[in-house]
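1. below are the sequence and a predicted model for it; my questions follow.
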Amino acid sequence: MNPRNLCWRLTLVWLCALWLAGCTALPVKQPGDMPASQAIAADGDTALGRIALRSIPAPELSGFRLLPLGSYSLDARLTLAERAQKTLDVQYYHIQNDETGRLLMRALRDAAARGVRVRLLLDDWYTGGEDPLLLALASHPNVELRLFNPFCCARGAGPLARFALSFGDWNRVNHRMHNKLMVADGAMAVVGGRNVANEYYLRGALDNFIDLDAFVVGAVVADLSRIFDGYWNSDPVYPLRMVARTHESPEALRSMFEIATGVAMTQLPAALPPNDVLGYGPIREDLDAGQVGLIWGTAIALADTPNKVMEAKGMLLMNSVTYNVLDAMRMAQEEVIVSSPYLVPGQPGMVWLREMAARGLKLQILTNSLASTDEPTVHIGYSQYRPEMLRLGIDLYELSSSRVMKNKRQSMLFGASQARLHAKLVVIDRKTLFIGSMNLDPRSARLNTEMGVIVQSPQLARELLRVIDIDKLQSAYRVRLSASGRCCEWLTVDDDLQGEMVLTTEPDSSFSMRLKTWLLAPFVPEQLL
């Protein structure tokens, strides 16, 4: 190549880099740009507050109803939005512009039209191209919408493109808010692992997630509200109007929203089944009756600080969700059972697992197989630690989409769609449990913010184990070391052959899928998984 041409090309790249670096500056917040606000406490002035106060057996207790069925979980959110009278505080990593996302956004708009204060906090990773819809929602009275750690430019691009264009600001924009929370009238909440998109509620045509949330009443709801306030008023959060622009009038935006979330664009959920796998009916029916049947225990709410990545500097913070959940697991006397869709223990995690195994604790972990994961690069990180985990005596299970299809309890729900594990759960000694957004991987530990609840309740722990067992025993492969001591073999019971079946390659995966992960393995940075 001509040296002069090379020089011009390098100069052009350098100028582009400078331009991109200048594009990454967020506007400076001025006093009054983001007025602080706080949640309200549950009281008898609202219908939800009256039911909550009437249901609580003692002021220090919290009540829980597990929501393993996606349709029930969506209905619980819509029910809270429909019945709220004062406030709705809603915090999600992802609300998709699909039938489910538009359905919830319309329910929030309808609540605001009744005079309910709606505070909606979204992470900005998946909002690319959605500014018009979000601005249309925020144009309604009583609706305020804020973004966590927003991208300053390329607002119409997808997440990877916006990340690539954030030249010089990658450390900041790699920090995402993974929290999932909805609180109504300070009295009732839904917390857990589900985002708001078709595939989290068994409405996806191709993929659907096996996940779990909890409906919550009682003492811990006030703590969840304080967590929301801490994020809502934090430095990494910006009002939508500061980073998204429109030339449309508020009236035109509201007209656009009406069309975008109308009946033609918002498919209503199918009729609810009479009960879920635990035998419960919908929360809606309990609220109609005026009292909710719940399992009671003591609980604490956990959440990372909104400034986690700035404070952590690559270290595991002692006040982080990951640290607190691991600390609870260290207190185990007999067994720990975990569901983590993304499982990359890393060297720090392996130290912890070795300590637990050395104490003779029974450890069981359910995660995704290569074929069922939606993040193959995470499976690369996991597979590096799989042989040692098996040598430590850990019982490893990997979800099988093909086995889900054969599972009579689940095949009716998933149909021909691909089943993927997304539930983040821990059960300790059959009496302590964690439900939340945290995976056992470096991203949850050091990069994303996470939240959840730790509950002391043997009865609730038993119910959670029933849900995990459906996935673990009936819809997963058990993994073991091969006779040579190298990884791996996958065991399952084949109903047709009426016996045990042993596989020696990654189940349900194609050769091209296995080849792709093998080729990518040397280039995947574990600290980003």
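-> Okay, I see it. No experiment lies behind these values; they were computed from the predicted model shown.

2. and the closest residue to V427 other than its chain neighbours, how close does it get to A189?
-> In space, and not counting its chain neighbours, V427 is closest to I337: 4.5 Å by Cβ to Cβ, 6 or more residues apart in numbering. C-beta here means a position set from N, CA and C on the backbone, and glycine is covered the same way. Taking Cβ to Cβ, to the nearest Å as the measure, I337 and A189 are separated by 25 Å.

3. state the distance from the spatially most central residue of the chain to L181.
-> Geometric centre of the chain, nearest residue: G193, 3.8 Å, by Cα atoms, centre = their mean. Here G193 is placed at a distance of 11 Å from L181 (Cβ to Cβ).

4. kindly report the same for A260.
-> Going from A260 to L181 by Cβ to Cβ gives 25 Å.

5. which of those two has more residues huddled nearby?
-> The residue with more neighbours, out of A260 and L181 and counting by other Cβ atoms under 10 Å, is L181; that gives 25 against 18.

6. identify the bridge partners of that one.
-> Counting by DSSP bridges, L181 forms beta bridges with Q91, V191.

7. what residues does it make contact with?
-> Counting by Cβ atoms under 8 Å, 6 or more residues apart in numbering, L181 makes contact with 89-92, 189-191, 224, 227-228, 451.

8. how about low-confidence regions in this structure?
-> Scanning the chain for pLDDT under 70 picks out the ranges 1-24, 309-316, 406-416, 493-499, 528.

9. quick check: can you list the domain ranges of it?
-> Segmentation of the chain into domains, based on automatic domain parsing, reads 36-289, 304-528.

10. starting at the chain centroid, how far to the shortest one?
-> So the one you mean is domain 304-528. Taking Cα atoms, centre = their mean, to the nearest Å, one finds domain 304-528 lying 15 Å from the centre of the chain it belongs to.

11. and the helices in the stretch 51-200 of the chain, which stretches?
-> Listed in chain order, the helices of the stretch 51-200 of the chain (DSSP state H, counting those that start in this stretch) span residues 70-83, 99-113, 131-138, 159-165, 170-173.

12. how many neighbours does A113 have?
-> When neighbours are counted by other Cβ under 10 Å, A113 registers 13.

13. quick one: the strands in the stretch 201-350 of the chain?
-> Using DSSP state E, counting those that start in this stretch, the strands of the stretch 201-350 of the chain run over 207-210, 213-218, 237-239, 295-303, 335-339.

14. winner for burial among these?
-> strand 213-218 (a mean of 27; mean count of other Cβ atoms under 10 Å).

15. outside of that strand itself, list whatever touches it.
-> Contacts for strand 213-218 (Cβ under 8 Å, 6+ apart): 52, 55-56, 61-67, 73, 76, 180, 187-194, 224, 283, 292, 294, 296, 299, 435, 453.

16. just checking: what are the partner strands of that strand?
-> According to DSSP bridges, strand 213-218 has these partners: strand 62-67 (antiparallel), strand 188-192 (antiparallel).

17. check the offset of the shortest one from the chain's centre.
-> A distance of 12 Å separates the centroid of the chain from that of strand 188-192, by Cα atoms, centre = their mean.

18. stretch 277-296 now?
-> Mean C-alpha position of stretch 277-296 versus that of the full chain (Cα atoms, centre = their mean) differs by 24 Å.

19. can you point out the buried residues in that stretch?
-> The neighbour-count check on stretch 277-296 (16 or more other Cβ atoms under 10 Å) flags 280, 282-284, 286-287, 292, 294-296 as buried.

20. S225 contacts S37, doesn't it?
-> No: if you go by Cβ atoms under 8 Å, S225 and S37 don't touch, sitting 11.5 Å apart.

21. so these two - more neighbours on which side?
-> Neighbour comparison, S225 and S37: the larger count goes to S225, with 23 against 13 (by other Cβ under 10 Å).

22. list the contacts for that one?
-> 39-41, 89, 183, 186, 189.

23. now distance to Y238 too, for the buried residues of stretch 277-296, in TSV please.
-> Listed next are the buried residues of stretch 277-296 as TSV, based on distance: Cβ to Cβ, whole Å:
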residue	distance to Y238
Y280	40
P282	37
I283	33
R284	35
D286	38
L287	35
V292	36
L294	37
I295	39
W296	39
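
24. show me those residues that map onto helices.
-> 283-284, 286-287 (DSSP state H).

25. and the furthest pair within these?
-> Spanning the widest gap among those are R284 and D286, at 7.4 Å by Cβ to Cβ.

26. quick one: D229 and A39 touch, right?
-> Yes: counting by Cβ under 8 Å, A39 is a contact partner of D229 at 5.5 Å.

27. more crowded one of those two?
-> The residue with more neighbours, out of D229 and A39, is A39; 22 against 16, by other Cβ under 10 Å.

28. next, the more buried one: secondary structure please.
-> Following DSSP: H, G, I helix; E, B strand; the rest coil, A39 is assigned to coil.

29. repeat for G393
-> Counting by three-state DSSP, the backbone at G393 sits in coil.

30. pretty sure it is touching A357, no?
-> Yes: taking Cβ under 8 Å as the definition, G393 is a contact partner of A357 at 5.7 Å.

31. go through the contacts of L181 and name the one nearest A205.
-> Nearest to A205 among these is Y92, at 21.8 Å by Cβ to Cβ.

32. helices along the stretch 251-400 of the chain, start to end?
-> Along the stretch 251-400 of the chain, counting by DSSP H, counting those that start in this stretch, helices occupy 283-289, 308-312, 321-330, 346-358, 376-391.

33. which strands or helices does the third one pack on?
-> Contacts of helix 321-330 with other secondary structure elements, assessed using 3 or more Cβ pairs under 8 Å, 6 or more residues apart in numbering; DSSP states H and E, are made with strand 295-303, helix 346-358, strand 424-428, strand 432-436, strand 451-456.

34. what's the closest of those to M105?
-> Of all the helices and strands packed on helix 321-330, strand 451-456 sits nearest to M105, with 21.7 Å by Cβ to Cβ.

35. tell me the helix or strand right after that closest one.
-> Downstream of strand 451-456, the first helix or strand assigned by DSSP states H and E is helix 458-474.

36. and for that next one, what's in contact with it?
-> The contact list for helix 458-474 (Cβ under 8 Å, 6+ apart) reads 64, 66, 68, 210, 212, 277-278, 295, 297, 337, 339, 364, 366, 397, 399, 403, 407, 409-410, 421, 423, 425, 427, 430-433, 435, 455.

37. stretch 131-144 now?
-> For stretch 131-144, the external contacting residues (Cβ under 8 Å, 6+ apart) are 37, 97, 102, 105, 108-109, 112-113, 115-120, 122, 127, 145, 155-156, 239-241, 244-246, 248, 250, 253-254, 256-257, 260.

38. which of those residues count as buried?
-> Buried among those by 16+ other Cβ under 10 Å: 97, 102, 105, 108-109, 112, 116-120, 122, 127, 145, 155, 239-240, 244, 246, 253-254, 256-257, 260.

39. list the contacts of the residue nearest to Q291 when sequence neighbours are not counted.
-> In space, and not counting its chain neighbours, Q291 is closest to S55: 5.5 Å by Cβ to Cβ, 6+ apart. S55 makes contact with 63, 217, 291-292, 294, according to Cβ under 8 Å, 6+ apart.

40. tabulate those residues (CSV), appending distance to P150.
-> Listed next are the contacts of S55 as CSV, based on distance: Cβ to Cβ, whole Å:
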residue, distance to P150
G63, 36
V217, 33
Q291, 42
V292, 37
L294, 37
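
41. doesn't L515 belong to a helix?
-> Yes: remark: L515 belongs to a helix, assigned using three-state DSSP.

42. check the gap between it and A521 for me.
-> 11 Å.

43. alright, that wraps it up for me.
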